[in-house]
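**Q** Give me coordinates for this.
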Amino acid sequence: MNEIINAIPEYVITAVVSTAIFYLMNAGKNLLHSKVQHAKTTQSKELWGFIEQVANTAVNSLVSKNLTGDAKFAQATEIVQSTLEKQGIKNVDLKAIEAAIQSAYEKSPLTPSTISVTNPDSLGQKESNSVPDGKAKAIDPKEVA
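**A** Residues are numbered from 1 along each chain as shown. So this is what the prediction gives:
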């Protein structure tokens, strides 16, 4: 009977140490998982930034070329794809590349704007949107139509 009573603290210590090891390993696994997720997110962010930079360069290099818009878009897509392949990046979706090129085109100061905001008559407005005190006047959609 004394042997059983003397063994109880040893069993309790073993159970506590085993539980502590289990919780520490669980916490380590969760920490490792969060670090991996953070690394993947950072890598994706850097990759998207690189794609945007290459798309901006491609769009700006094609602005002065005498090509149609579709031809420029196709050529810009080819430029971005080949640049990514040269860098060893092969798992980028074509839709993502096209979205980056479209975004670069819309942001580029070199591409012409199709809507003239300096001439209100070109928008179909019958009167000016400014009042004598210099503040802008709201446009009623019914007036424009």
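**Q** I'd like to know which elements the helix or strand where residue 101 lies is packed against.
**A** Assigned by DSSP states H and E, residue 101 falls within helix 94-107. Helices and strands touching helix 94-107, by 3 or more CB pairs under 8 Å, 6 or more residues apart in numbering; DSSP states H and E, are helix 2-62, helix 69-86. (Each C-beta comes from the backbone N, C-alpha and C, glycine too.)
**Q** quick check, distance from that helix to the centre of its chain.
**A** How far helix 94-107 lies from its chain's middle: 11 Å, per CA atoms, centre = their mean, to the nearest Å.
**Q** for that helix, which positions count as buried?
**A** 97-98, 100-101, 104-105 (16 or more other CB atoms under 10 Å).
**Q** which one of those sits closest to residue 38?
**A** Nearest to residue 38 out of these is residue 100 (CB to CB; 23.5 Å).
**Q** Pretty sure residue 88 sits in a helix.
**A** No - assessed with DSSP: H, G, I helix; E, B strand; the rest coil, residue 88 is coil; it does not lie in a helix.
**Q** Show the backbone phi and psi for it.
**A** phi 90, psi 20 (degrees, to the nearest 10).
**Q** Count the residues that sit near it.
**A** 6 (other CB atoms under 10 Å).
**Q** Also residue 84?
**A** Neighbour tally, residue 84, other CB under 10 Å: 18.
**Q** so it makes contact with residue 51?
**A** Yes - at 7.1 Å, residue 84 and residue 51 qualify as touching, with contact defined as CB atoms under 8 Å.
**Q** which neighbours do those two share?
**A** Residues touching both residue 84 and residue 51 by CB atoms under 8 Å, 6 or more residues apart in numbering: 92, 97.
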